[in-house]
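1. One predicted model, sequence on top.
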Amino acid sequence: MHPDDEVLAAIALGEDVPDEAAAHAAACPQCAAMVADLAEVLVLARATGGGGLVDPPASVWAGIAARLEQEEVPALPAPEPTPADEAPADELARRRGRGGPRARWLVAAAAAGVALGVLGTQVVSLVGAPAQAVVARAPLDTLDTAERRGEANLVREQGGYALRVGVQPLQAGPDVLEVWLINTDGVRMVSVGILPDSATTGVFPVADQLFDQGYRIVDISREPLDDRPEHSGDSLVRGTLA
Amino acid sequence: MANGDGEGLDGALAVRLRSGDAEALAEAYRQHGRLVYSLAVRSLANPHDAEDATQQVFVAAWRGRASLDPDRGSLGGWLVGITRHVVADVMAQRARTVRNLQAVGSRATPPAPAVDTVVVEQVAVAAALDGLGEPRRTIVRLAVLEERTHEEISRELDLALGTVKSHVRRGLLQLRKRLEEVRTDAS
């Protein structure tokens, strides 16, 4: 008669157990293997001291949602399913998806409690918006060390284009974080907006022609609050829309 | 069928994910994103690669959701399996890059490093521990990581001694169960 698993756990933990249980566990291959397994779990648990878990930055989910919204945009309009044909799960997804694919991912993330920063509070306004398509994507890296800090997507929405930015918290200090689109000629640039204090996401409407005219380099800079509107030269991250 | 270990909830989430519920993917990310990311960071070292790999894992999970069998194994184990493939791919790419750079000078090619199983299992156990409900999580951490006696824990948390003992043992059994799921799903 094998002892309870809890008794075997007690043995692995080095607790006192009745002699018969200890004797059985030592002699029985099945129980001895279980005790060895549990002892191994203890070693693994202690190896990282319970640490070793790192939180992914907020931009990771934003990137997942951005990549998947391409999936959801159909090449051809899907035939209207009749109520009888639809499985309950599809019906639910279709109802939830009323806001369009991007909205669906954001609503889903908000419902699941995935931290989204500023963008999370804008979800309500997106529901009901028609489907959006990602036109171009730019990884945002630091200039000196080329470390990934986030991602920017140019999306087509009803009424125009928008630049959606997702980044790890960037240090602004007393300054302000400004988002620019720099022309590939390296000379012209436009400011598309400000990232509010410690925000990790932002949505900035941009004029239709900008991308085609070569304004493809996304740049986020630290701008002192002075009277000079031009780029301070202090760029934190940059990436090219492609 | 739900039991005290919350496996019924995991199965329900898997069913929802497979059926195409976007919220289920977000919930899976909330529950397992840290595990996937930590595994990627420890295997790849470069945070940029780890972020990219994490995104690839959840995109692959969504696209491959039809292959998820809620009755066989766990969602966490399935995601770890995908993570191992994605990480191995990144490592293979790196090895190819090194090989290409060396191609001119040398015939010897470095072997592509494999995903370290010990790393996978350490992170999986850390994530499992983190996922224990309270008070079990605190009790197990105090007993296993901080080597406190049951009596000390009982006093500190104002819980009966028998309760503490039970939580430590069952907690350890739960951790082992989660580890087994990762091992079986890792293919």
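-> That came through, no problem. Numbering: from 1, shown residues only, chains lettered A, B, ... in the order given.
2. ok, how many other residues are close to B:Asp116?
-> 13 (other CB atoms under 10 Å in any protein chain shown). All C-beta atoms are positioned from the backbone trio N, CA, C, and that covers glycine.
3. Quick check: it touching B:Ser43?
-> Yes - the criterion here is CB atoms under 8 Å, and B:Asp116 meets it with B:Ser43 at 6.6 Å.
4. Return the residues in contact with the spatially closest residue to A:Gln213 that is not a sequence neighbour.
-> The shortest distance from A:Gln213 to any non-neighbouring residue, by CB to CB, 6 or more residues apart in numbering or on different chains, is to A:Asn183 (7.1 Å). By CB atoms under 8 Å, 6 or more residues apart in numbering or on different chains, the residues touching A:Asn183 are A:Met189, A:Gln213, A:Gly214, A:Tyr215, A:Arg216, A:Ile217.
5. Name only those of these that count as buried.
-> A:Met189, A:Tyr215, A:Arg216, A:Ile217 (16 or more other CB atoms under 10 Å in any protein chain shown).
6. can you give me the helices for chain B?
-> Along chain B, counting by DSSP state H, helices occupy B:7-18, B:22-44, B:47-63, B:75-102, B:117-130, B:136-140, B:150-157, B:161-185.
7. Least confident of these, on average?
-> Mean pLDDT is lowest for helix B:7-18 out of the helices of chain B, coming in at a mean of 80.
8. ok, back up a step: of the contacts of A:Asn183, which is the nearest to chain B?
-> Nearest to chain B among the contacts of A:Asn183: A:Ile217, at 18.7 Å, using CB to the nearest CB.
9. List the contacts of that closest one.
-> A:Ala138, A:Leu181, A:Ile182, A:Asn183, A:Thr184, A:Arg238, A:Gly239, A:Thr240, A:Leu241.
10. Then B:Glu51?
-> Here B:Glu51 is in contact with A:Pro56, A:Pro57, A:Ser59, A:Val60, A:Gly63, A:Arg148, B:Tyr37, B:Ala40 (CB under 8 Å, 6+ apart).
11. what about it, distance to A:Asp16?
-> The gap separating B:Glu51 from A:Asp16 is 48 Å, by CB to CB, to the nearest Å.
12. does B:Arg18 really touch B:Gly64, like I thought?
-> No - the pair B:Arg18 / B:Gly64 is not scored as a contact, 9.9 Å apart, by CB under 8 Å.
13. Could you find the residue nearest the spatial middle of chain A?
-> A:Trp61 (1.3 Å; CA atoms, centre = their mean).
14. any idea of the mean pLDDT in the one helix or strand that residue maps to?
-> In the assignment (DSSP states H and E), A:Trp61 maps to helix A:58-72. Averaging the model's pLDDT scores along helix A:58-72 yields 79.
15. helices or strands next to it in the packing?
-> Applying 3 or more CB pairs under 8 Å, 6 or more residues apart in numbering or on different chains; DSSP states H and E, one finds that helix A:58-72 makes contact with helix A:101-111, strand A:133-142, strand A:148-157, strand A:160-167, strand A:201-206, helix B:22-44, helix B:47-63.
16. Pull the distance from the longest helix anywhere in chain A to the chain's centre.
-> Identified as the longest helix of chain A according to DSSP H is helix A:29-47. Counting by CA atoms, centre = their mean, to the nearest Å, helix A:29-47 is centred 36 Å from the centre of its parent chain.
17. Check whether A:His2 sits in a helix, strand or coil.
-> Using DSSP: H, G, I helix; E, B strand; the rest coil, the three-state assignment for A:His2 comes out as coil.
18. surely it meets A:Gln30?
-> Yes - if you go by CB under 8 Å, A:His2 and A:Gln30 touch, sitting 6.9 Å apart.
19. Neighbour count: those two, which is higher?
-> Taking other CB under 10 Å, A:His2 and A:Gln30 do not tie; A:His2 has more neighbours (13 against 10).
20. and stretch A:52-66, which residues are buried?
-> A:52-54, A:56-66.
21. any idea how far chain B is from the closest residue in space to A:Ala62 that isn't next to it in sequence?
-> Counting by CB to CB, 6+ apart, A:Ala62 lies nearest to A:Gly166, which is 3.3 Å off, once chain neighbours are set aside. Distance, A:Gly166 to chain B, using CB to the nearest CB, to the nearest Å: 11 Å.
22. follow-up on the earlier one: return the closest of the contacts of B:Glu51 with respect to B:Lys165.
-> B:Tyr37 (34.3 Å; CB to CB).
23. neighbours around the closest one, how many?
-> Number of residues near B:Tyr37 (other CB under 10 Å) recorded here: 26.
24. again, but for A:Pro196
-> A:Pro196 has 13 nearby residues by other CB under 10 Å.
25. That one and A:Gly202 touch, don't they?
-> Yes - under the criterion of CB under 8 Å, A:Pro196 makes contact with A:Gly202 at 7.4 Å.
26. count of residues packed around the closest residue to B:Gln56 other than its chain neighbours?
-> Residue nearest to B:Gln56 in three dimensions, not counting chain neighbours: B:Val86, with 4.8 Å by CB to CB, 6+ apart. The local packing of B:Val86 (other CB under 10 Å) involves 25 other residues.
27. hang on, isn't B:Val86 packed against B:Val57?
-> Yes - using CB under 8 Å, B:Val86 makes contact with B:Val57 at a distance of 5.2 Å.
28. any shared contact partners between these two?
-> B:Ala40.
29. low-scoring stretches of chain A, by residue?
-> Along chain A, the model assigns pLDDT under 70 to residues A:50, A:70-132, A:158, A:197-198, A:227.
30. Stretch B:25-34 and chain A, are they touching?
-> Yes - Stretch B:25-34 reaches chain A (CB under 8 Å from any CB of the partner chain) through B:Leu25, B:Ala26, B:Glu27, B:Tyr29, B:Arg30, B:Gly33, B:Arg34.
31. separation between A:Ser232 and chain B?
-> A:Ser232 is 25 Å from chain B, by CB to the nearest CB.
32. So what pairs up with the nearest residue to that residue once chain neighbours are set aside in the strands?
-> Once flanking residues are discounted, A:Ser232 sits nearest to A:Glu223: 5.0 Å by CB to CB, 6+ apart. Beta bridges link A:Glu223 to A:Val176, judged by DSSP bridges.
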